[in-house]
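S.K.: return atomic coordinates for the entry below.
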Amino acid sequence: MEKRNKILDVLFSVLLFGGLWGILEATLGSFLHLPFVEGAGMFACSTTIMVPIAYMLMGACYKKTGNFLSSIYMGIMAASIKAIVCAIFHLSFNPVYYILLEALTGAVALLVIRPKEIISFKGLGTFILANTMYLLIGTTFIRSNILTTTPSVLLDNIEKYAFKFNMVATLYVFAFGAILYGVMQLAHKYEWKFEGLQKILYSPITASVVTCIMIAVTFVLR
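M.R.: Model (predicted):
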């Protein structure tokens, strides 16, 4: 019974956080790819905003389940829906590869550092490790294609994404983490109670509804 409950806990946590990831990818991610937004460069793009959000959701899922593989399950879930959409509408499969790479590097970073709290310096270190691996591998093999790109172009892309974009993303994560930490301290000081909210948030019904919404918006906004 205990093993069954643990499996269900992982399943519904993956559905919840994976669903939230998919919803944000389809909504905020689509907005960030609009031409007038992309004009802001590294300060308002998917690499510096959506990728950190994805890792935060993976971290939250890990904290809930204690299972670093949960991030891979989240990636498989989100990538599968995206792959179906890409196949139906004849879109590029690059987003699918990026989602899987995010999930894999997130799992590796969680396995190596194993942060007890996501809002902590260990949590920040986990993000930096995951994001650096993601940007290095993604830039080398997906964005640039090491087999066809000249060494100078490849190095320029690595400097651009693995260093400049990575630094901006890290600053965003640090700032958001500091704000959230402050809110958590206020909650502790004034003894705010969230038990009822947590029961609703982590219920199987909520996870199932979020997953259905994720599938719907992914198909609509693709």
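S.K.: how about stretch 18-31, which residues are buried there?
M.R.: For stretch 18-31, the buried set under the neighbour-count rule, 16 or more other CB atoms under 10 Å, comprises 18-26, 29-30. C-betas here are computed from N, CA, C, even on glycine.
S.K.: cool, and stretch 160-170?
M.R.: Neighbour-count burial for stretch 160-170, counted by 16+ other CB under 10 Å, picks out 160-162, 165-166, 168-170.
S.K.: thinking again about what came up before, any chance of CSV for the buried residues of stretch 18-31, columns distance to residue 137?
M.R.: Output for the buried residues of stretch 18-31, formatted as CSV (distance: CB to CB, whole Å):
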residue, distance to residue 137
18, 21
19, 26
20, 24
21, 19
22, 22
23, 26
24, 22
25, 19
26, 24
29, 20
30, 24
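S.K.: which of those lies closest to residue 209?
M.R.: Taking CB to CB as the measure, residue 209 lies nearest residue 19 of the buried residues of stretch 18-31, at 8.3 Å.
S.K.: so who does the nearest residue to the closest one once chain neighbours are set aside touch?
M.R.: Using CB to CB, 6 or more residues apart in numbering and skipping residues adjacent in sequence, the residue nearest residue 19 is residue 210, 3.6 Å away. For residue 210, the contacting residues are 15-16, 19-20, 23, by CB atoms under 8 Å, 6 or more residues apart in numbering.
S.K.: tell me the one among these nearest to residue 198.
M.R.: residue 16 (11.6 Å).
S.K.: how about that closest one: what's its closest non-neighbour residue?
M.R.: Beyond its immediate neighbours in the sequence, the residue positioned closest to residue 16 (CB to CB, 6+ apart) is residue 207, lying 4.1 Å away.
S.K.: my guess is the one you found meets residue 20, correct?
M.R.: No. Taking contact to mean CB atoms under 8 Å, the distance of 9.8 Å between residue 207 and residue 20 leaves them out of contact.
S.K.: hmm, who's touching whatever helix or strand residue 167 lives in?
M.R.: Element membership for residue 167, per DSSP states H and E: helix 166-189. Residues from elsewhere that reach helix 166-189 (CB under 8 Å, 6+ apart): 42-43, 47-49, 51-52, 55-56, 119, 123-124, 127-128, 131-132, 135, 192, 194.
S.K.: give the buried residues for it.
M.R.: Under 16+ other CB under 10 Å, the buried positions of helix 166-189 are 166, 168-170, 172-173, 177.
S.K.: take the residues you listed and write them to TSV, including pLDDT.
M.R.: Listed next are those as TSV, based on pLDDT from 0 to 100:
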residue	pLDDT
166	96
168	96
169	96
170	96
172	96
173	96
177	94
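S.K.: dump the least confident helix or strand in the chain by mean pLDDT to PDB, restricted to CA.
M.R.: Across the helices and strands of the chain, mean pLDDT, DSSP states H and E gives its lowest value to helix 35-38, namely a mean of 82. Output for helix 35-38, consisting of C-alpha atoms alone and laid out as PDB, is shown next (Å, rounded to 0.1, in the frame of the first residue of the first chain):
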ATOM      1  CA  PRO A  35       8.800  39.600 -32.900                       C
ATOM      2  CA  PHE A  36       8.400  42.700 -30.700                       C
ATOM      3  CA  VAL A  37       9.300  40.800 -27.600                       C
ATOM      4  CA  GLU A  38      12.300  39.000 -29.100                       C
END
